[in-house]
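S.K.: got a predicted model here, sequence first, then my questions.
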Amino acid sequence: MTELPHEIGASVLFGLDGSFVASAQAYPLGAHRHWFELDSDGKLISRFEWEWQGGMLQSPDGSKVVYGVATDTATGRTALFVRDMVGPGRLLAPINGAPLRWLDANRVLVEAFDEVGVLHSIDTRTGADQIVFSPPPPPSIKADADNDFFFVSGDLRWAVFTRWNAAANVLRQDLFDVERRSYVPGVTLPTKPIALAPMGDVALWLDGNQLRAMHLCDRRAVTIGTVATATDIVNSRWSADGRFASFSFGSTNEETGPERVTFVDLQQGAIAEIDKPWGFVRQWSPDGRFVVLSRAGFHGPSSKLARFEFK
């Protein structure tokens, strides 16, 4: 990674209005509405106001962005809007929710705030709204202090049911077949944090210092390589095409970055690690050539841009 001179905030978009990058700070209150655009050298091009709230997600091809806009200040309800990189925004769907990831170039996956665990697919061309996942009953009754959650695969074909206790220890993970609406019998998933790719059905996890991967369809686990620290995957982020994944080790603050960041190239089946980077990878550019590095701060993440090249 090569750090760039661009001064950016917590919200970052690539290619907006022909700029190299557009950004807004998270602090002080209301700063997220004050945007600025930078050229490839980091010089200021323009400033503008943009009213948005709740979530913002750029498409894998970089051509558009879906974001929330407040529709009722009393209740905090939002609606989803969409805009091209060189055009104005328009109402996409009146759903009160946040965009999670893109399913393809035109459909975005949305979590509805009013329906716990329910996921919608919204077509950005027509606004068509389709429910693609509703949480089934858990495989067993949980204790009062336990928490349950479903993580859905990139192809929406599978969901990983995870239960953890009050100490954040994973107690069990089960594989759910979304199409058949049933848990897959006889399948034991590791009780380790699993990172699911945004495309397809690839799952990653750490078994000690061994990075393991498998397709959920056949569950034939393979070892990609060895990492320097035997721990769990945290702060995992994927490139838009699902080729690269990154995760970091160690906590961050305004003065220090993580101990190490790991990059995985699923296409080559290779691993690369960087010791003491400035920050963990919080966001990838649509083309995978740049990353947003971040550290935890008092009022939101501190961020830098870096050029990424896997060798």
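M.R.: Now that the structure is in, tell me what you want to look at.
S.K.: which residue of this protein sits farthest from its center?
M.R.: residue 186 (30.1 Å; CA atoms, centre = their mean).
S.K.: that one and residue 219, how far apart?
M.R.: Look at residue 186 and residue 219: by CB to CB, to the nearest Å, they are 10 Å apart. C-beta here means a position set from N, CA and C on the backbone, and glycine is covered the same way.
S.K.: what pairs with residue 291 across the strands?
M.R.: Counting by DSSP bridges, residue 291 forms beta bridges with residue 284, residue 306.
S.K.: next, count neighbours for it.
M.R.: Per other CB atoms under 10 Å, the neighbour tally for residue 291 reads 26.
S.K.: going forward, count from 43.
M.R.: All right, first residue 43 from here; so that's residue 333.
S.K.: dump the residue contacts of it.
M.R.: The neighbours of residue 333, taking CB atoms under 8 Å, 6 or more residues apart in numbering as the test, are 43, 288, 323-327, 347-348, 350.
S.K.: neighbour-wise, which of those leads?
M.R.: Neighbour counts for the contacts of residue 333, by other CB under 10 Å, peak at residue 323, which reaches 27 neighbours.
S.K.: neighbouring strands of the helix or strand where residue 88 lies in the sheet, and parallel or not?
M.R.: For residue 88, the host element (DSSP states H and E) is strand 86-91. Strand 86-91 has the following strand partners under DSSP bridges: strand 76-80 (antiparallel).
S.K.: just checking the distance from the strand it pairs with to the centre of its chain.
M.R.: With CA atoms, centre = their mean, to the nearest Å as the basis, strand 76-80 stands 22 Å off its chain's centre.
S.K.: do stretch 269-278 as well
M.R.: In terms of CA atoms, centre = their mean, the gap separating the centre of stretch 269-278 from the centre of its chain is 17 Å.
S.K.: got it, and stretch 225-238?
M.R.: Distance, stretch centre to chain centre, for stretch 225-238: 20 Å (CA atoms, centre = their mean).
S.K.: quick one on the thing from earlier: list the contacts for the residue farthest from the centre of the chain?
M.R.: So residue 228 contacts nothing (CB under 8 Å, 6+ apart).
S.K.: which pLDDT value goes with it?
M.R.: Confidence at residue 228, expressed as pLDDT, is 89.
S.K.: so which strand or helix has it?
M.R.: Applying DSSP H and E, one finds residue 228 in no helix or strand.
S.K.: got the phi and psi for it?
M.R.: The phi and psi torsions at residue 228 (degrees, to the nearest 10) take the values phi 70, psi 10.
S.K.: list the contacts for residue 299?
M.R.: 318-322, 335, 337.
S.K.: just checking, what packs against the helix or strand following the strand holding residue 88?
M.R.: Downstream of strand 86-91, the next assigned helix or strand under DSSP H and E is strand 98-100. Other elements packing on strand 98-100 under the criterion 3 or more CB pairs under 8 Å, 6 or more residues apart in numbering; DSSP states H and E are strand 53-56, strand 106-114, strand 139-144.
S.K.: pull the residues that contact strand 98-100.
M.R.: Strand 98-100 is contacted from outside by 53, 55-56, 106-110, 141-144, 150, 328, using CB under 8 Å, 6+ apart.
S.K.: what comes up buried for the helix or strand of the chain with the lowest mean pLDDT?
M.R.: Counting by mean pLDDT, DSSP states H and E, the chain has its least confident helix or strand at strand 276-280, which shows a mean of 86. For strand 276-280, burial by neighbour count (16 or more other CB atoms under 10 Å) applies to 277-280.
S.K.: so residue 175 is in contact with residue 160, correct?
M.R.: Yes: the criterion here is CB atoms under 8 Å, and residue 175 meets it with residue 160 at 7.0 Å.
S.K.: next step: the contacts of residue 299 restricted to strands.
M.R.: Counting by DSSP state E, the part of the contacts of residue 299 found in strands is 322, 335, 337.
S.K.: quick one, what contacts residue 282?
M.R.: By CB under 8 Å, 6+ apart, the residues touching residue 282 are 102, 144, 240, 326, 328, 330.
S.K.: what's the farthest-apart pair in these?
M.R.: For the contacts of residue 282, the farthest-apart pair by CB to CB is 144 and 330; their separation is 14.1 Å.
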